[in-house]
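Novice: Got a sequence here, can you build the structure:
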Amino acid sequence: MPDPKILIIDDSADIHELVQLGLFGEPIELISSFGGEDGLAVAAMQQPDLILLDVGMTGLDGFEVCRRLKANPLTSDAPIIFITGASSTAEKLRGLELGAIDYVTKPFDPAEMRARIRAALNTRRLMGLLADKADQLSFQATHDSLTRLPNRAMFSEHLEKAMASSLRTGKSVAVLLVDVDRFKNVNDTYGHQAGDEMLCQVSQRLRGRLRASDVLARMGGDEFAAILRDLGSPDDAIQVAMSLSQELQEPIDLMGRKQFVTISVGSAVHPRDAIDIRTLVKHADLALYQAKNAGRNTARAFTPAMIEGTAGLLELEGELRLAITNREFRLYYQPKVDRNDRIIGLEALIRWQHPRLGIIPPGSFISLAEVTGLIIPIGTWVIEEACRQSLAWIAAGLGRIPIAVNVSALQFGQPDFIRVISAAIELPGSPQPCLEIELTETLLMRNISDAGDKLAQLRAMNVSIAIDDFGIGYSSLSYLQRLPLDTLKIDHSFVSTIRADDEPNPDGGSGRIIVKAIVALAKSLGLQVVAEGVETILQREFLLQIGCDTLQGFLFCPPKAPEQIKLLLREQADMDASRLARCA
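Specialist: From the prediction side, this is the model:
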């Protein structure tokens, strides 16, 4: 790996000499520039890893140079340390607002300067590791690992763009849903390896039949989906569907065996059959259902008569609305523990106490709640119930244990979101409940200005703010510095890669490096860090060793009902009281 490049922009040759002497022996490459205009040009050409920038230069001063550096895509990511003879707080704040990360005051101590430079370069290296991992995770998050096709999430993005283009051009867009017939038989007969090989070959055959402008995605299991853009006629969709079936008339070579494969296809066309994504896909699914009922190995186009079969989905939506009215939801709580396994926080997790089906986990209804907008009243209830429970435990003498609540993007974007929080925590005659809001990186980056305003209001109300699933989204140092945050939660996908040296590890061990980087980054920014999904003693020991002092996972405790959590908190409070009594 080449030595990091540091660019010095200062119109004083003495400063250049002092910096060079101070950094003598360091494994770095120093580049000198003696003015603002020249420094901008050199920075764009060299793209240094760090810039030391004098504030009080003649001509362009350091503030203007900093502004231009941050405005240029070639240099915007380079960290900047200002060199200044002044020490006023106002000047430092101005530089930090422009994007600088630190200051060195003249006359500077060489040891201090080296320490600040090392810290800046180390932070940049850590962010580079995070960025690389983020790229890898971004591909994993948007593509199927087996076939390398876009996954369900990426399919939705492509479809949204295709339908927006359709409105401009007036041409139709079709969705084809494809199921591999009797795929389970292959898995059961020849094993999962043969099943995976079949899916790969089927995906290649289907992709080869489509145009370059069309999209093929794997939706999961044995189901694929295609987006057909710019159709000359809506009826073209069923013709393409039939051609996909014909593409598989020839057998595939399945590990030395000739295997015949058939598919069933359902199609729906925008705007003829639906004007929104959810309905279009639903109608294609209804058509697929009809193709299967017709004996498989065929294709069907959606018709309005198929809608009668949607009664089941509508029934679930109706039951979900009744669940809100009838207060059928329950909150379970999963403890967060410190290095001594003491409970220092809880995460609230919703369950549906269905009158007929019993406890239903969130994965079975949250997606429908988000699509229908019911997530807003459900989310409001979760916040209110978590605050009520916090006050109940405080009144019982069990301490102020922070309760974290996950907030959806739709809920956070509501104009009255802050009012909802305020109403839940500011109850007359009661102490303030101990509430923490968990948000994802992706949610915050959708509108960082609006997010910053709301987070500032939450901070003013003494509500803690945590970034959930950190490391799998943008992982931007810039927003971490700008937003009023308290905690980073390391996503369980990283924690799960912490394994013994003799265990197979799909990521080659990079997960440990990323976890270390996140912990170091959080500590450098003064943030708390929580690791979720801790399931083994090895993971616990590694996380504690690198300074992650708050852990959450099944190793310590699964999500439990409030009365069970109360017993744990009571036991902990009694032990604390006993210790105090012995010390008295």
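Novice: So, low pLDDT: which residues of this protein?
Specialist: Where the chain drops to pLDDT under 70, the residues are 1, 87, 308-314, 371, 442, 445-447, 471-478, 501-510, 583-584.
Novice: report the longest strand in it, please.
Specialist: Ranked by residue count under DSSP state E, the longest strand found in the chain is strand 343-354.
Novice: C-terminal to it, what's the next element?
Specialist: strand 358-360 (DSSP states H and E).
Novice: which residues are in contact with the one helix or strand L368 maps to?
Specialist: Using DSSP H and E, L368 sits within helix 366-372. By Cβ atoms under 8 Å, 6 or more residues apart in numbering, the surrounding residues in contact with helix 366-372 are 278, 313, 316-317, 320, 350, 374-375, 378, 408, 410. Just so you know, the C-beta spots here come from the backbone N, C-alpha and C atoms, and that holds for glycine as well.
Novice: And those residues, which of them are buried?
Specialist: Buried residues within the contacts of helix 366-372, defined by neighbour count using 16 or more other Cβ atoms under 10 Å: 317, 320, 350, 374-375, 378, 408, 410.
Novice: which one of the contacts of helix 366-372 sits closest to A395?
Specialist: I350 (23.4 Å; Cβ to Cβ).
Novice: Between the contacts of helix 366-372, which sits nearest N340?
Specialist: Nearest to N340 out of the contacts of helix 366-372 is I350 (Cβ to Cβ; 29.4 Å).
Novice: OK, contacts around the closest one?
Specialist: Contacts for I350 (Cβ under 8 Å, 6+ apart) come out as 329-332, 362, 366, 378, 382.
Novice: and these, which are buried?
Specialist: When those are checked for burial by 16+ other Cβ under 10 Å, the buried set is 329, 331-332, 366, 378, 382.
Novice: Distance to R229 added to the residues you listed, as a markdown table?
Specialist: Converted to a markdown table, those look like this (distance: Cβ to Cβ, whole Å):
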| residue | distance to R229 |
| --- | --- |
| F329 | 41 |
| L331 | 45 |
| Y332 | 45 |
| I366 | 31 |
| I378 | 36 |
| V382 | 40 |
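Novice: Which phi and psi values does Y333 adopt?
Specialist: phi -130, psi 130 (degrees, to the nearest 10).
Novice: now do S496
Specialist: Here is the backbone geometry of S496 (degrees, to the nearest 10): phi -70, psi -20.
Novice: tell me the domain boundaries of this protein?
Specialist: Following automatic domain parsing, the chain resolves into domains at 5-140, 152-308, 316-569.
Novice: how near is V420 to A451?
Specialist: Going from V420 to A451 by Cβ to Cβ, to the nearest Å gives 16 Å.
Novice: List the contacts of the host helix or strand of F494.
Specialist: Per DSSP H and E: F494 is located in helix 492-495. The contact list for helix 492-495 (Cβ under 8 Å, 6+ apart) reads 137, 471-472, 511, 514-515, 518, 531-535, 539, 543, 553.
Novice: What subset of these is buried?
Specialist: Buried subset of these (neighbour count, 16+ other Cβ under 10 Å): 137, 471-472, 511, 514-515, 518, 531-534, 539, 543, 553.
Novice: From these, which land in strands?
Specialist: Per DSSP E, the buried ones among the contacts of helix 492-495 map to strands at 531-532.
Novice: which stretches of the stretch 301-450 of the chain form strands?
Specialist: Remark: strands assigned in the stretch 301-450 of the chain by DSSP state E, counting those that start in this stretch are 329-337, 343-354, 358-360, 403-406, 435-440.
Novice: so which of the ones you listed is the most packed in?
Specialist: Highest mean neighbour count of those: strand 403-406, a mean of 24 (counted as mean count of other Cβ atoms under 10 Å).
Novice: And the buried ones among the contacts of helix 366-372, which is closest to L488?
Specialist: Looking across the buried ones among the contacts of helix 366-372 and measuring by Cβ to Cβ, the closest to L488 is S408, at 19.5 Å.
Novice: and the gap between V215 and H158?
Specialist: According to Cβ to Cβ, V215 stands 5 Å off from H158.
Novice: With K171 instead?
Specialist: Separation of K171 from H158 (Cβ to Cβ): 16 Å.
Novice: in stretch 98-109, what's buried?
Specialist: Under 16+ other Cβ under 10 Å, the buried positions of stretch 98-109 are 98-104, 108.
Novice: for that stretch, the distance to its chain's centre please.
Specialist: Offset of stretch 98-109 from its chain centre (Cα atoms, centre = their mean, to the nearest Å): 33 Å.
Novice: contacts for that stretch?
Specialist: The contact list for stretch 98-109 (Cβ under 8 Å, 6+ apart) reads 15, 18, 22, 52-53, 63, 66-67, 69-70, 76, 79-87, 92, 95, 112-113, 116, 119-120, 123, 478, 481.
Novice: Give me the buried entries from those.
Specialist: Among those, those classed as buried by 16+ other Cβ under 10 Å are 15, 18, 22, 52-53, 63, 66, 69-70, 79-84, 92, 95, 113, 116, 120, 123.
Novice: returning to what we had before: so can I have JSON lines of the domains of the chain showing distance to R582?
Specialist: What follows is the domains of the chain, written out as JSON lines (distance: least, Cβ to Cβ, whole Å):
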{"stretch": "domain 5-140", "distance to R582": "43"}
{"stretch": "domain 152-308", "distance to R582": "55"}
{"stretch": "domain 316-569", "distance to R582": "17"}
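Novice: looking at those domains, which is closest to L580?
Specialist: Here domain 316-569 is closest among the domains of the chain (Cβ to Cβ), at 13.3 Å.
Novice: For S165, find the nearest of the strands of the stretch 301-450 of the chain.
Specialist: With Cβ to Cβ as the criterion, S165 lies closest to strand 435-440 of the strands of the stretch 301-450 of the chain, at 28.3 Å.
Novice: Contacts for that closest one next, please.
Specialist: 345, 347, 383, 386-387, 390, 402-407, 409, 412, 421, 424-425, 451, 458, 463-469, 473, 486-487, 489.
Novice: Please report how far the closest residue to N406 other than its chain neighbours lies from Y103.
Specialist: Among residues not flanking N406 along the chain, E438 sits closest, at 4.8 Å (Cβ to Cβ, 6 or more residues apart in numbering). Using Cβ to Cβ, E438 is found at 34 Å from Y103.
Novice: where along the stretch 101-250 of the chain do the helices fall?
Specialist: In order along the chain, the stretch 101-250 of the chain carries the following helices (DSSP state H, counting those that start in this stretch): 110-142, 152-169, 183-190, 192-209, 236-247.
Novice: Can you add distance to R272 and give those helices back as JSON lines?
Specialist: Putting these into JSON lines (distance: least, Cβ to Cβ, whole Å) gives the following:
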{"stretch": "helix 110-142", "distance to R272": "29"}
{"stretch": "helix 152-169", "distance to R272": "11"}
{"stretch": "helix 183-190", "distance to R272": "31"}
{"stretch": "helix 192-209", "distance to R272": "23"}
{"stretch": "helix 236-247", "distance to R272": "9"}
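Novice: Which one of the ones you listed lies nearest to A225?
Specialist: For A225, the closest of those is helix 152-169, at 5.6 Å, according to Cβ to Cβ.
Novice: Could you report the neighbour count for the nearest residue to K171 once chain neighbours are set aside?
Specialist: Counting by Cβ to Cβ, 6+ apart, D230 is the residue found nearest to K171 once chain neighbours are left out, at 4.6 Å. D230 has 16 neighbours, counted by other Cβ atoms under 10 Å.
Novice: contacting residues for D230?
Specialist: Contacts here follow Cβ under 8 Å, 6+ apart; on that basis D230 touches 165, 169, 171-173, 213.
Novice: So of the residues you listed, which two are at opposite extremes in space?
Specialist: S172 and S213, at 13.6 Å, using Cβ to Cβ across those.
Novice: quick revisit: out of the contacts of strand 435-440, list just those in helices.
Specialist: 383, 386-387, 390, 409, 412, 421, 424-425, 451, 458 (DSSP state H).
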